[in-house]
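Engineer: Any chance you could fold what I've pasted below:
(chains A, B and C)
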Amino acid sequence: MFDLLSLKILIFTPVLAAIIIASPLFGTNFIYIRRFAKTCGTIHFLYSLLFIVFYNFGVESFYDEIMIFGSGWLEKLGINAAFGLDGLTVLLAPLTSFIFLISLIVSKTMIRTKHKMYYSLMFILLSTVLGVFCSKDMFLFLIFWEAELIPLYFLISEWGSCNCKHSAMKYLLYIFCGSIFLSVAMIGLFFYGYLSNGELSASIDFLRVSMTDGIFPVFLKKLLFFGFFTGFAVKLPIIPFHIWFTDSQSDSATPISMVLSAIIINTGAYGIIRFNLDLFPELFIKYSPFIMIFAVINIIWASLAAFKQNDIKKTIAYYSISQMGLFLLGLSSLNKIGLDGAIFIMLSHSFISAGLFLITGLIYQVAKTKTLQELSGLGEFMPILMLFAYVINFAAVAVPLTIAFPGQLLVFLGAFSSDCSIEPLAKICSFIAILIMLLAASYIFKLFHKIFCTSQFYSTKKYHDVSGHRLMCIAVICFCIILFGCFPDSLMSIYNNFTESLLEILRV
Amino acid sequence: MQFFTDNILLIFLLPLLTAIIAFTAHFFKFAISQKTVSVISTVTSIIGAIYAAALYYTYNNCNEITEFSVGWLSIGDLTISAGLLLDNISATFLLILMIVNIIIQIYSSQYFNNQKNYNLYFGYLNLLITSITALSLSSNLPQSYVFLELTGVLCYILTNFNYEKSQISESAKKSFIINRIGDMLLLSGIIVFIYFVLTYPISNNSELLSYKELAETAADFYVYLSDINFYIACILLFSGAIVKSAQFPFHIWLTDSINGPIPVSALIQSVATVSAGIILTIRLLPLFELSEPVLKTIIYIGLFTSVICAFFASGQYDIKKMLAYSTSSQLGIVFPAIALLNIKNTLFYMSVNSFAKVSLFLIAGILISFIPKSSSNMLDMPVSKHQYPFLGFCYLLTVFSLSGLFFNGFFIGEAILGQLLSQNKKIAASFYFLYLLLTSFYLFKSYFIIFKKNKKHFAEKNKISSCLIIPIILSIVFIFYPVFDYKTIILDFSKNYEIFKLFDIIPVSVPISVIAVILAYFAASNKISAPLWFKKLSLNGGYISNLYDIFIDYIVEFFRNFTNIIDYFFNFTAYIVKFFSWCVSVSQNGNIQTYISYAIFSSAVLLVLYLLLIAGIGGI
Amino acid sequence: MDFLSDIGIYHFLILSLSLFLIGLFGVAVSKHILKILISLEIMFSAATLNVATFAVYSDETHFKGGILALFIIVLSVIHIIIATAITINIFKFKQTANIENIGELKG
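Structural biologist: Predicted coordinates for the structure are as follows:
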């Protein structure tokens, strides 16, 4: 079993699939390309599920390294191509694969040109995101992080609508500027790790040890912390760096929006946990009031800005931003409840935003418009879609027994009971964050009502309801939302040890 | 009897299964017919009622409490569990719920007869019943919250059932959003409360969340009375209950939710609001009893709501709105009753209220179906006492029992009054008299308006289907259910309260009701009428609904423009970058002459600088 | 007085500098080809004067600077002939002598 479940295979099989798709083997017969892509996606997803099944709790599992001629990758520089899974990433990797699978199935009718390029780019993107989640070495992380930029740039700019090239360029520039800070901080950390310890290595475990043992000047630590934080803050959109996110969401095609919102944002969140929380615990504790303020600004600002939008996709993008604000709030509360809740939000928000964008895409296909003014009264024609939209709508509003509720409850609890250095701040922040429930109810509900329930839709066309593979996709997402809402312990027990170890680091 | 307790899950599974059958019947239309679905639904509700009766019989007389619980979410010290609590409160309420369930099922099987989405309606209805059952049986605070929210969601889905008409869907949306405010307040209260639980010095903290533990260890919370957080927690928890039970100032959502189908409104207003707010308050009462200000708040908010909603109800001509306001006002009386009286008697009052409300709604439903334009204005109802004597008699009986002239609602009100007067709360007592006056007034006024002897236009005498009449009969019978359970309720009541004290109060309260009836008779025949501003204020519900709309509009508008700042800032930055790049690009004009000029000019400057440097180094 | 009456090296250098600057100004500003060419010619003569001045006012035996000046004059004559020929052909072709209009490079 050990040789069968190898992370190298998990991460690099999509690249292989991309090369096969891009090769002259398929010609331009897009039906075969699509079927091959969906088959590869399914096999990959099932393979990644095996990792959860055979996951060994508490032990670092599936440690895998790419060896070239018996030694590491860049052995002299101390950079190994090492992959491994721990409690959090063993959930994130199959989630990534699942969302990609759903978007590949859905792109049957939404992508109409240049199929070869599309499917190969999607697989390359899958591979790079998995590399980000699974890498155990700092520079390997950076390489996969930067490598995410290119396929996503092409995906946004080629198959989007109206302003897509402009938005894709915005995305590229913002993320690239952020990762400049990230690269500089990583190089600084690497260098000072060598200086303080005498040993040249970029592996994250080594760096964690050297941060606690070695003597680093405090000013340097602060600089490195800010560098890392800025790099991840652009990716996990923190207001005011969120412009790339809203613009690229509103201008890209549906499967790509799903991937962008459900997975790419999670890489930023994962980066904050992996680097800022793991490597700089005492600085994180010291700056947690400010991070809490950032989180609350995220929540409130995104909710308020979502009120005035006319474009459905921008509203959902702002909803994603406010969910990430909740995630930050949970992180900055620094107790077990808050951390558990934050990670649960990371997972739940993937499902919900994927579902929301999927519904938007289905509506767009039928009604050919994305602006709120022109859409109303679709409920008469599409009752089945309305039923699933009900479920996802209520999930977005955090009704209990959907996947959003446990995460939000735990985050609010954790934020309220955190011992923050500025005492009333935690309590005020958690109350303000509860306000989001009301605000989210207002704008998501208003959206839903306007689209489905009012009766001003003057059209003589007869619309078909969703059926076939699209119905299956959205039914699966709704099923997962309700399943994990009724049994949240199934997910929480997997990453329980991970949060325990994080708390150990924070206490020390 | 132990069999019933052990298989308690059956009482959930029955409606849930019916819901699943109804949904499959909706989506696969050829499989099961409409008739089958409604029959299955009714049969399961009858089985549920028998089950609930057995449970009631088991738990009513003894003080036994049974609890089952299983962990749902566990993080470190905190375990939120899912469980069921069976004691006399929940058993009583379950019985009321199940009987109302039967009534509503029979009525809706006829009411929805010709509409599409018949099976879908039954699916949602059974889901709602499941959710309310789970709410009334829930054993701890977070679980109550979960099913409370689910009830609100399902109420929204059901009131939004005819979503093609935009007025209906708009009002359903508004009622849901205001319900959300209550959820938010309740969640804040739960969070503050869990915070207390976590910092409490016992070993297994999360047990405190369950109601059974709370009742036993509540006295230990006495140490927290000085902490402001305790008051905040109590107030927040109670305000959640207020919003869910449609007390002032959150009674708006109830008047907005009346646009749904009649059986749904009947169910919501008789059972759902009650279970949500009042059961919650009863369970949390050990906590609230600790502090005097919280009890006072409960009493005064309840009394104030009852008076003001009765006032709003008196001016309404729309029968559904009048019934909505009357629900709020009658629930307003229950809160002081909880605070002052024994809980059993309160439940008795609540049951009278529920059944009376159900019967009123069902009769109103039949009457509305006679009006050609399907409006619900009482003035348009073309019936008379002689045409439908049975309906008139049922309506009269219900109105009697609600208004306090008959012995059902009668004694409880007087008991409350007695407690208030014995504690020298004169203002509260006067509130109660006002409430009595207004309630009798509007109830009898509606009776006189609808069933007047001579009206301008008569409809032809339609045959009312038996499926619509049987539920009404059932509900009226159960208004008098204390007669069935003579021992526990009436004897127990008379044990607690001295009859003599009641005889002091009766001479005051009965004449008030009689005066109100006479006033109503004259008002209905337009012989006397209140000043116009009075009428208008009452008709529009004190303009509170309009206030809400204006308030929300202003806030939304303000924030709309406020959040443009970041976009403007980034556009400004982009503009500055563009400006500088324009400056630089101007110099690239492809003209060789300008390039030559730049070159010569800059080399001259460099030369001068070089000479100055040399001079500087060499000389000064 | 001294400066204005006794002519030394500086006077010639200032003259050549002024001539150079005048010619430079003409090249940079003019829009007519012939004007540019004439200004260019002025610059050539300024350079020649400069070379010749340094040749005269230095202790040199073989008057190398003067030979350079002769070369410059000859080359400038050739330059003028060819430039004029090109200009006449351009004018035949484009009917205009404005440098903004006769350029064909894009961008």
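Engineer: wait, does the helix or strand harbouring B:Phe580 make contact with chain A?
Structural biologist: Using DSSP states H and E, B:Phe580 maps to helix B:564-586. Yes - Helix B:564-586 lies within reach of chain A by C-beta under 8 Å from any C-beta of the partner chain, at B:Ile566, B:Asp567, B:Phe569, B:Phe570. In short, each C-beta sits where N, CA and C put it, glycine included.
Engineer: Show me the contact partners of that helix.
Structural biologist: Helix B:564-586 is contacted by residues A:Ile239, A:Pro240, A:Ile243, A:Trp301 when judged by C-beta atoms under 8 Å, 6 or more residues apart in numbering or on different chains.
Engineer: Tell me the spacing between B:Leu10 and B:Ala52.
Structural biologist: According to C-beta to C-beta, to the nearest Å, B:Leu10 stands 11 Å off from B:Ala52.
Engineer: before we move on, back to that, what is the most widely separated pair among the residues of helix B:564-586 next to chain A?
Structural biologist: B:Asp567 and B:Phe569 (7.2 Å; C-beta to C-beta).
Engineer: Could you pull up the contacting residues of C:Thr48?
Structural biologist: Listed by C-beta under 8 Å, 6+ apart, the contact partners of C:Thr48 are C:Ala69, C:Ile72, C:Ile73, C:Ser76.
Engineer: Type out the PyMOL command that picks the buried ones from these.
Structural biologist: Selection of buried members from the contacts of C:Thr48 for PyMOL, criterion 16 or more other C-beta atoms under 10 Å in any protein chain shown:
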select buried, chain C and resi 69+72+76
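Engineer: tell me which of the contacts of C:Thr48 is nearest to A:Ala389?
Structural biologist: Using C-beta to C-beta, those come closest to A:Ala389 at C:Ser76, 85.2 Å.
Engineer: What is the neighbour count of the nearest residue to that closest one once chain neighbours are set aside?
Structural biologist: Leaving aside its chain neighbours, C:Ser76 sits nearest to C:Phe44 (4.2 Å; criterion: C-beta to C-beta, 6 or more residues apart in numbering or on different chains). Residues near C:Phe44, counting by other C-beta atoms under 10 Å in any protein chain shown, number 20.
Engineer: again, but for C:Asp59
Structural biologist: Number of residues near C:Asp59 (other C-beta under 10 Å) recorded here: 4.
Engineer: Surely A:Arg208 is in contact with A:Leu279?
Structural biologist: Yes - between A:Arg208 and A:Leu279 a contact is recorded at 5.7 Å, counting by C-beta atoms under 8 Å.
Engineer: Which one's more surrounded, these two?
Structural biologist: Neighbour tally, A:Arg208 and A:Leu279, criterion other C-beta under 10 Å: the higher count belongs to A:Leu279, 22 against 16.
Engineer: residue contacts, A:Tyr171?
Structural biologist: Residues in contact with A:Tyr171 (C-beta under 8 Å, 6+ apart) are A:Leu152, A:Tyr153, A:Ile156, A:Trp244, A:Asp247, A:Ser248.
Engineer: Give the next helix or strand downstream of the longest helix belonging to chain A.
Structural biologist: In chain A, assigned by DSSP state H, the helix with the most residues is helix A:164-197. Next helix or strand after helix A:164-197 toward the C-terminus (DSSP H and E): helix A:204-213.
Engineer: Kindly calculate the angle that that following helix makes with helix A:164-197.
Structural biologist: Relative orientation of helix A:204-213 versus helix A:164-197 (axes from the mean of the first three to the mean of the last three C-alpha atoms, to 10 degrees): 60 degrees.
Engineer: which strands and helices sit next to helix A:204-213?
Structural biologist: Packing contacts for helix A:204-213, counted by 3 or more C-beta pairs under 8 Å, 6 or more residues apart in numbering or on different chains; DSSP states H and E, involve helix A:138-147, helix A:164-197, helix A:278-279.
Engineer: Now chain C against chain B: closest residue?
Structural biologist: C:Ala28 (4.3 Å; C-beta to the nearest C-beta).
Engineer: where's that residue relative to chain A, distance?
Structural biologist: In this view, C:Ala28 and chain A are 39 Å apart by C-beta to the nearest C-beta, to the nearest Å.
Engineer: check contacts around residue 22.
Structural biologist: In the absence of a named chain, this looks at chain A. For A:Ala22, the contacting residues are A:Lys116, A:Met117, A:Ser120, by C-beta under 8 Å, 6+ apart.
Engineer: The chain in question should be chain C.
Structural biologist: Shown in contact with C:Ile22 (C-beta under 8 Å, 6+ apart): C:Ser39, C:Ile42.
Engineer: Where does the stretch 1-150 of chain B get nearest to chain A, which residue?
Structural biologist: B:Val146 (3.7 Å).
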